[in-house]
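Visitor: Got a predicted structure here, sequence first:
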Amino acid sequence: MCRALRNLSTLEHLYLEGCSLNDNFLPNIGQMTSLLVFSIAFGGNDGTLPNQGSQTKDVILFVLDGNNFEGPLPSNMFITSLIVLDASNNNFSGEILRCIWDNTRLLQLDLSKNHLKGSIPVEICNLKLIQVLAISENRLSGFIPSCVNSLPLEHIHLEKNKLGGELGHVLINFSSLITLDLRYNNFTGNVPHTIGSLNTLNYLLLSNNQLEGEIPTQICMLNKLSIVDLSFNKLYGPLLPCLSFLTQAKKDAEISKTNYATTSRRSWISVLAWICLKRHYHDSHGILSDIFLMDVETQVLFSTKRNSYTCKESILKYMSGIDLSSNRLTGEIPVELGMMSNIPALNLSHNHLIGRIPNTFSNLQKIESLDLSFNRLNGSIPVGLLELNSLAVFSVAYNNLFSAVPDFKDQFGTFNKTSYEGNPFLCGYPLDNKCGMSPKLLNTS
């Protein structure tokens, strides 16, 4: 088979997804001089990739996702014709070779879920056409070069690395950014006021860093924002009433111009194959002007209480949520947050919030997960919450609430005592306390 493929000098598209290949196969790929599209995704192949010279000078799509290749990324992988390179979900190690930043035609680079180390060099800004940058779940360190905001990036996934520094010089003037995922890093300083300039942003994910200061009011200028996750930082100050704009009234017109996200990997490979065919007949006009049907997947992990959901953007465009948990936020919960009638997830747990649960929360008609636990809230649980027919996860545990818990019926008939524990003045089923008991007030500080 290897020799036969070697002789297929006119073959342009080669899909071997899910195939386990022998060691002699990949060197022969380098002799296929007309190859444009090559995918061996999800094959479970291992070993190192050959680094000898290659005759495949025109490859535009190279997919190795879902194998077990190890060792350094070979330099012959970075052909200057590449438009999409996906080497994610492998065991590649070492530093990212400098030559990758010379691939000025790259639209999508995905090196996620490997063991790559080193820093992101300023040469990344040579990628003048890059739309998707995904190097998440590696061991990258250092800072993000400030020049990245000059790139036409739509999706940035750098989560779960060791990146650090402040974000003020980065989060400014992106003209088309939709997804920003920097979770699980070591970023410090404030959430910058310049974030208000990211007017195309849909998904803001900055959890599990060392960010501090108040949440800037400029975040409320982002009228396309759908998911906000600032949890597990050191943010303080009051909740912003203007966050109530996050109502998830998403319109189809707000979907990315590159039509991110509909179906399977095979779908977007097929679309790119169509582009290759178009190139075959219109080579004199170049290929880049024809890239308008690219369909790739972007995923966001969004956490609600007890669950984490990895959502493709086709799902995310119908979803919204706010997670501000595990910070140092103070003050009362603004009644305006009850106006978010379409939001399915709201997590304000593990803060220092005081006052009552707003009666306006009865307007959260699409809410599925509401977590207000581990605060200093007082008063009774609003009876109007019984009208929340979509509520599946609910917790007000460890506050200073009092009076009877809501009637054990409808959705509230599914919540056990863990939803209410740690409130000594709450009483009624499913709690052990019978109404009329007067234990000491709990201090949740």
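Guide: Okay, I see it.

Visitor: Thought Leu82 was touching Val37, still the case?
Guide: No - using CB atoms under 8 Å as the test, Val37 is too far from Leu82 to be in contact (11.0 Å). Quick note: C-beta positions are derived from backbone N, CA and C, even for glycine.

Visitor: Quick check: neighbours shared by these two?
Guide: Val59, Ile60, Leu61 (CB atoms under 8 Å, 6 or more residues apart in numbering).

Visitor: Any regions of this structure where pLDDT drops low?
Guide: 1-9, 22-28, 30, 52-56, 247-319, 437-445 (pLDDT under 70).

Visitor: Count the neighbours of Pro216 for me.
Guide: 17 (other CB atoms under 10 Å).

Visitor: That one and Val191 touch, don't they?
Guide: Yes - counting by CB under 8 Å, Val191 is a contact partner of Pro216 at 5.6 Å.

Visitor: The spatially closest residue to Tyr236 that is not a sequence neighbour: what's it in contact with?
Guide: Nearest residue to Tyr236, sequence neighbours excluded (CB to CB, 6 or more residues apart in numbering): Arg328, at 4.2 Å. Applying CB under 8 Å, 6+ apart to Arg328 gives the contacts Lys234, Leu235, Tyr236, Asn351, His352.

Visitor: any chance of the residues you listed in JSON lines, plus neighbour count and distance to Pro424?
Guide: Output for these, formatted as JSON lines (neighbours: other CB atoms under 10 Å; distance: CB to CB, whole Å):
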{"residue": "Lys234", "neighbour count": "13", "distance to Pro424": "29"}
{"residue": "Leu235", "neighbour count": "21", "distance to Pro424": "29"}
{"residue": "Tyr236", "neighbour count": "15", "distance to Pro424": "27"}
{"residue": "Asn351", "neighbour count": "25", "distance to Pro424": "20"}
{"residue": "His352", "neighbour count": "15", "distance to Pro424": "19"}
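
Visitor: can you tell me which of those residues are in helices?
Guide: With DSSP state H as the criterion, helices contain none of the contacts of Arg328.

Visitor: Would you check which pair of these lies furthest apart?
Guide: The largest separation in those, counting by CB to CB, is between Lys234 and His352 at 12.3 Å.

Visitor: ok, now how distant is Ser88 from Ser341?
Guide: Applying CB to CB, to the nearest Å, the value for Ser88 to Ser341 is 38 Å.

Visitor: Thr188 now?
Guide: Relative to Ser341, and taking CB to CB, Thr188 is found at 36 Å.

Visitor: can you check Leu64 too?
Guide: Per CB to CB, Leu64 is found 45 Å from Ser341.

Visitor: more crowded one of these two?
Guide: Leu64 (25 against 14).

Visitor: nearest spatial neighbour of that one, skipping sequence neighbours?
Guide: Using CB to CB, 6+ apart, the nearest residue to Leu64 is Ala87, at 4.7 Å.

Visitor: neighbours around that neighbour, how many?
Guide: 22.

Visitor: From what I see, it and Asp110 are in contact.
Guide: Yes - with contacts counted by CB under 8 Å, Ala87 reaches Asp110, the gap being 7.1 Å.

Visitor: shared neighbours, the two?
Guide: Asp65.

Visitor: show me where the stretch 151-300 of the chain has strands.
Guide: Under the criterion DSSP state E, counting those that start in this stretch, strands of the stretch 151-300 of the chain are mapped to 155-157, 162-165, 179-181, 186-190, 203-205, 210-213, 227-229, 234-238, 299-304.

Visitor: Now render these as TSV, adding distance to Leu391.
Guide: As requested, those are arranged in TSV below (distance: least, CB to CB, whole Å):
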stretch	distance to Leu391
strand 155-157	31
strand 162-165	37
strand 179-181	28
strand 186-190	33
strand 203-205	24
strand 210-213	30
strand 227-229	19
strand 234-238	26
strand 299-304	12
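
Visitor: Indicate which one of these is closest to Pro430.
Guide: Of the strands of the stretch 151-300 of the chain, nearest to Pro430 by CB to CB is strand 299-304, at 21.7 Å.

Visitor: In this structure, mark out all the helices, start to finish.
Guide: 2-6, 25-29, 265-281, 313-316.

Visitor: ok, the closest residue to Asp432 other than its chain neighbours to Cys427 distance?
Guide: Of all residues not flanking Asp432 in the chain, Lys417 sits nearest, at 7.3 Å (CB to CB, 6+ apart). Distance, Lys417 to Cys427, by CB to CB: 12 Å.

Visitor: One more: Asn89?
Guide: Distance from Asn89 to Cys427, by CB to CB: 51 Å.

Visitor: before we move on, what about Ile357?
Guide: Ile357 is 17 Å from Cys427, by CB to CB.

Visitor: And those two? Which one has more around it.
Guide: Higher neighbour count among Ile357 and Cys427: Ile357, with 24 against 20, using other CB under 10 Å.

Visitor: Now do the contacts for the more buried one.
Guide: So Ile357 contacts Ile333, Leu372, Leu377, Gly379, Ile381, Pro382, Leu385, Val396, Leu401 (CB under 8 Å, 6+ apart).

Visitor: ok, now with 7 Å
Guide: Ile333, Leu372, Leu377, Gly379, Ile381, Pro382 (CB atoms under 7 Å, 6 or more residues apart in numbering).

Visitor: do the same with Asn359
Guide: Asn359 touches Pro382, Gly384, counting by CB under 7 Å, 6+ apart.

Visitor: now swap in the one 5 residues further on and tell me
Guide: The contact partners of Leu364, taken as CB under 7 Å, 6+ apart, are Gly338, Met340, Ser341, Ile343, Leu388.

Visitor: quick one: which of the residues you listed is nearest Ile96?
Guide: Ile343 (38.4 Å).

Visitor: separation between the closest residue to that closest one other than its chain neighbours and Leu204?
Guide: Nearest non-adjacent residue to Ile343, counting by CB to CB, 6+ apart: Ser320, 5.1 Å away. Applying CB to CB, the value for Ser320 to Leu204 is 11 Å.

Visitor: That'll do, ta.
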